[in-house]
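This is a predicted model, with the sequence first.
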Amino acid sequence: TVDSERVYFLWATPQSVSVEAYDHAGKEVWKRDLGKLAIQHGIGTSPVVVGDVLLFGIYQEQEGPEGFLIGLNRRTGGVLWKKPRNANQSASYATPLVLEKSGTPPEVIFSSTAHGITSLNPKTGDINWEVPDLFKLRCVASPVLANGLIFQTAGQGAGDRQAVAVRPGSKSGHTVPAVAYKLARGPSYVPTPIAIGNRIFAWGDGGIVTCLKADTGEQVWQERVGGNYFGSPICINGKLYCLSAKGEMIVINASDQFKVLSRVDLGEQSHATPAVADGVLYLRTVSHLISVGGKPAGNK
């Protein structure tokens, strides 16, 4: 993740995981070693910045040490707080969601098999509310805010899928968190769904895209686009862009009417989510970084 001063990222090897900060000129500002990572597929989550706090979670699996949620000083890398998390057979790879509601301090939402959906105060690490025992499968996709609800999927390999929508609670307890609905079968596993208005678009790992009503979970349509996916869709001007594992960019309408608008084969594998900034689309393949749109390189 980035802010106006730095780039922050997690870096994992079989021996250890570290969190690092660089300035925008590429100079290292600070680095903190977090110890050995006991997760089957390595690190999957990304950090988030809220004010002066850099937050992320490490959910170790049973054979490893206890996991934790942590908040660091984004300027120095110093530990502001650290909260233990129970070990579980299914680690969480989900990036936390920053939840901002008018008139209340921001919350950070974490999702995991061990603890369900958790909201905490980014400054102190204190838990605002929690809905446990939601998932029996692994949380890989990130939680998304969909029409006031927190929508989360879970799954495992080519097997079962789960999806649940939770109505957020409050620190004061005046609003109790509650499950709004559960889907009998979740629409995706690794790719993170995207919410647009009262619609959730879930790009399935095996190339089946589902449009749901965010408030009820009712299916609007479900269609096959083909391919396999690890990256997540993004929305630009009412269109969804998603890059398949073999490197084909699929563009469809983000609407109640399914329509494929374009297919572009980049000729190289990709497991990455597209990014967009200032009118430029950035695509990461196995050996290239591609920019589409904007001014050609060298032009001012």
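Yes, it's here. From a predicted model like this one, the values you see are computed outputs, not experimental measurements. Numbers count the residues shown, from 1 in each chain.

my read: Gly231 touches Ala272, true?
Yes: with contact defined as C-beta atoms under 8 Å, Gly231 counts as touching Ala272 (5.1 Å). For glycine as for every other residue, the C-beta is placed from the backbone atoms N, C-alpha and C.

Pick out the residue closest to the middle of the chain.
What sits nearest the mean C-alpha location of the chain, by C-alpha atoms, centre = their mean, is Ser142, with 3.0 Å.

what's the pLDDT at that one?
On pLDDT, Ser142 comes in at 96.

follow-up on the earlier one: neighbour count for Gly231 and Ala272, which is higher?
Taking neighbours as other C-beta atoms under 10 Å, Gly231 and Ala272 compare with Gly231 leading, 21 against 16.

Contact partners for the more buried one?
Contact analysis of Gly231 by C-beta atoms under 8 Å, 6 or more residues apart in numbering lists Pro191, Cys242, Leu243, Ser270, His271, Ala272, Thr273, Pro274.

hmm, 6 Å instead?
Listed by C-beta atoms under 6 Å, 6 or more residues apart in numbering, the contact partners of Gly231 are Leu243, Ala272, Thr273.

Nearest to Leu134 among those residues?
Closest to Leu134 out of the contacts of Gly231 is Thr273 (24.4 Å), distances taken as C-beta to C-beta.

So what's the residue count around that closest one?
Using other C-beta under 10 Å, the number of residues around Thr273 comes to 19.

Kindly report the same for Asp256.
Asp256, neighbours per other C-beta under 10 Å, totals 10.

ok, now Gly35?
14.

Check Ser4 too.
The number of residues packed near Ser4 is 5, by other C-beta under 10 Å.

And it, how far from Val108?
Ser4 sits 20 Å away from Val108, going by C-beta to C-beta, to the nearest Å.

ok so, going back, helix, strand, or coil at the residue nearest to the centre of the chain?
At Ser142 the chain is in coil, as set by DSSP: H, G, I helix; E, B strand; the rest coil.

For it, grab phi and psi.
phi -90, psi 150 (degrees, to the nearest 10).

correct me, but it touches Pro96?
No: the criterion here is C-beta atoms under 6 Å, and Ser142 misses it with Pro96 at 7.5 Å.

List the contacts of Leu240.
Taking C-beta under 6 Å, 6+ apart, we find Leu240 in contact with Phe201, Pro233, Ile252, Ala254.

switch the cut-off to 7 Å
By C-beta atoms under 7 Å, 6 or more residues apart in numbering, the residues touching Leu240 are Phe201, Pro233, Val251, Ile252, Ala254.

of these, closest to Lys82?
Pro233 (33.7 Å).

ok, now how distant is that closest one from Ile252?
Distance from Pro233 to Ile252, by C-beta to C-beta: 9 Å.

show me where pLDDT drops low in the chain?
The chain contains residues with pLDDT under 70 at 61-65, 87-89, 296-300.

residue boundaries of the strands in the stretch 151-300 of the chain?
161-167, 178-183, 194-196, 199-203, 208-213, 219-224, 234-236, 239-243, 248-253, 260-265, 275-277, 280-284, 289-292 (DSSP state E, counting those that start in this stretch).

Contacts for stretch 202-216, please.
With contacts defined as C-beta under 7 Å, 6+ apart, stretch 202-216 is touched by 146-147, 149, 181, 187-191, 193, 195, 198-201, 218-229, 232-233, 242, 252, 256.

May I see the buried residues of it?
Ala202, Trp203, Gly204, Asp205, Gly207, Ile208, Val209, Thr210, Cys211, Leu212, Ala214, Asp215 (16 or more other C-beta atoms under 10 Å).

okay, among those, which ones form the most distant pair?
Pairwise distances across these (C-beta to C-beta) peak at 26.7 Å, for the pair Gly207 and Asp215.

residues near the nearest residue in space to Gly294 that is not next to it in sequence, how many?
In space, and not counting its chain neighbours, Gly294 is closest to Val280: 3.9 Å by C-beta to C-beta, 6 or more residues apart in numbering. By other C-beta under 10 Å, 12 other residues sit near Val280.

For Val280, give the beta-bridge partners.
With DSSP bridges as the criterion, Val280 is bridged to Ala277.

Look up how far Gln60 lies from it.
The gap separating Val280 from Gln60 is 38 Å, by C-beta to C-beta.

The contacts of Leu240 into TSV, with extra columns for neighbour count and distance to Tyr22?
Output for the contacts of Leu240, formatted as TSV (neighbours: other C-beta atoms under 10 Å; distance: C-beta to C-beta, whole Å):
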residue	neighbour count	distance to Tyr22
Phe201	24	33
Pro233	25	28
Val251	18	33
Ile252	22	36
Ala254	19	34
